[in-house]
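Engineer: Fold the stuff below for me.
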Amino acid sequence: MFQLGDVQIVAPVFLAPMSGVTDAPFRREADRFGAPAVVTEMVAGAELARETEEFVRRVAPHNGSGPFIVQLAGREPEWMRIGAELAEVAGADIIDINMGCPAKKVTGGQSGCALMREPELARRLIAATVAGTKRPVTVKMRLGWDDASLNAPEIARIAQGEGAQMVTVHGRTRMQFYTGEANWSRIAAVVEAIDLPVIANGDIEDEASARQALAQSGAVGVMIGRGAEGRPWRPAEISNALFGTPYRAPTSEEKLASMLSQIAGSAALYGERLGVRVVRKHVAAFVDAWCEDHGLSPMAETRVALCRIESPAALQDALSAALDNRRDAA
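Structural biologist: Residues are numbered from 1 along each chain as shown. Predicted coordinates:
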């Protein structure tokens, strides 16, 4: 059992916050398969306070068995404090601070990973977030802005000093975005710098990569991002391999049922018209994962056709038929 404040987590294996991916329907499926902990898409504290529809949906609870973890982003301490208050009122068990997003639209606003270039502002943001809630606060970051400024240990020490209770480090710099390979060994400097639990992130896709990340970083746990796209069961699978948490590999029928449920959940959350469009990226990733897991050649044309369907019900029917036909042909 892994403990953060008064929150118990079955194991330190997390589904990473991913914009446009970890919405409530996807988090719900990951939780159903046994993911120990899942994190919402990042939401700006100011937008949450204004109750902007898009951002309120981002922190919609998935009503699962694990903790409800909300990730906040921003660069104004007062809005981070207010965002933390609102997240707690909304039922958040843990609040995570985004200091690792490399996207230009985020760093261009001097948020996300750009905060690693302003340690004193980072300090104020963490302090304000901690002051705004009684829930445990965690921080997610990268190694640094670039290879000339690998200051994750400094930011981690600041986080610990201001009351954060866990740090997650993606083993790349901001300037790498998602190119090259994550350098898990560089995370070891953060582990050595603080007394808090450190979670390794970046390129963790299966048991083998998870074990390598732990061995090279010295971290206590892992966070799975892109490796879970199309495979919401992957965090539970890795948790079982690393820590022996309960898990039963899903059958093909259960995987398909999960994707169909996600389509329905997306329509319910966003409305049918927007919901079917939002879920397309999940369907595309699921089809790719299905082919890989079943040793089938890619279904590029089928995937494109599925992503043009405008009705959730029609999409469910077409996906079921496409996979049944392909499996029978194989």
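Engineer: make it CA atoms for all contacts and neighbour counts henceforth
Structural biologist: Will do.
Engineer: and the helix or strand Val38 falls within, which strands flank it?
Structural biologist: Element membership for Val38, per DSSP states H and E: strand 37-44. When sheet partners are counted by DSSP bridges, strand 37-44 sits next to strand 13-15 (parallel), strand 68-73 (parallel).
Engineer: Which parts of the stretch 201-330 of the chain are strands?
Structural biologist: 221-224 (DSSP state E, counting those that start in this stretch).
Engineer: Kindly report the same for the stretch 51-200 of the chain.
Structural biologist: With DSSP E, counting those that start in this stretch as the criterion, the stretch 51-200 of the chain has strands spanning 68-73, 94-99, 137-142, 166-170, 198-201.
Engineer: Buried deepest among the ones you listed, which one?
Structural biologist: strand 198-201 (a mean of 29; mean count of other C-alpha atoms under 10 Å).
Engineer: Return the distance of that strand from the chain's centre.
Structural biologist: 12 Å (C-alpha atoms, centre = their mean, to the nearest Å).
Engineer: do the same with stretch 135-147
Structural biologist: 14 Å.
Engineer: How about stretch 258-270?
Structural biologist: 18 Å.
Engineer: Then stretch 64-82?
Structural biologist: Worked out by C-alpha atoms, centre = their mean, stretch 64-82 lies 13 Å from the chain centre.
Engineer: Average pLDDT for that stretch, rounded please.
Structural biologist: Across stretch 64-82, pLDDT averages out at 92.
Engineer: end-to-end on it?
Structural biologist: Taking C-alpha to C-alpha, to the nearest Å, the first and last residues of stretch 64-82 lie 25 Å apart.
Engineer: related to what we said a few turns ago, what's the closest of the strands of the stretch 51-200 of the chain to Met259?
Structural biologist: strand 68-73 (21.5 Å; C-alpha to C-alpha).
Engineer: what comes into contact with the closest one?
Structural biologist: Around strand 68-73, the neighbours that count as contacts under C-alpha atoms under 8 Å, 6 or more residues apart in numbering are 17, 37-45, 59, 61-62, 80, 83-84, 87, 91-99, 111-112.
Engineer: Please report how far Val89 lies from Glu78.
Structural biologist: Val89 is 17 Å from Glu78, by C-alpha to C-alpha.
Engineer: Have a look at those two and say which one is more surrounded.
Structural biologist: Set Val89 next to Glu78 and count neighbours by other C-alpha atoms under 10 Å: Glu78 wins out with 17 against 11.
Engineer: Show me the shaky parts of the stretch 1-150 of the chain.
Structural biologist: 48-56, 107-110 (pLDDT under 70).
Engineer: which stretches of it form helices?
Structural biologist: Assigned by DSSP state H, counting those that start in this stretch, the helices in the stretch 1-150 of the chain fall at 24-33, 45-49, 53-58, 77-89, 104-107, 119-131.
Engineer: tell me the most buried of those helices?
Structural biologist: Taking mean count of other C-alpha under 10 Å, helix 24-33 is the most buried of the helices of the stretch 1-150 of the chain, at a mean of 24.
Engineer: For that one, name the packing helices and strands.
Structural biologist: Judged by 3 or more C-alpha pairs under 8 Å, 6 or more residues apart in numbering; DSSP states H and E, the packing partners of helix 24-33 are strand 37-44, helix 234-243, helix 252-270.
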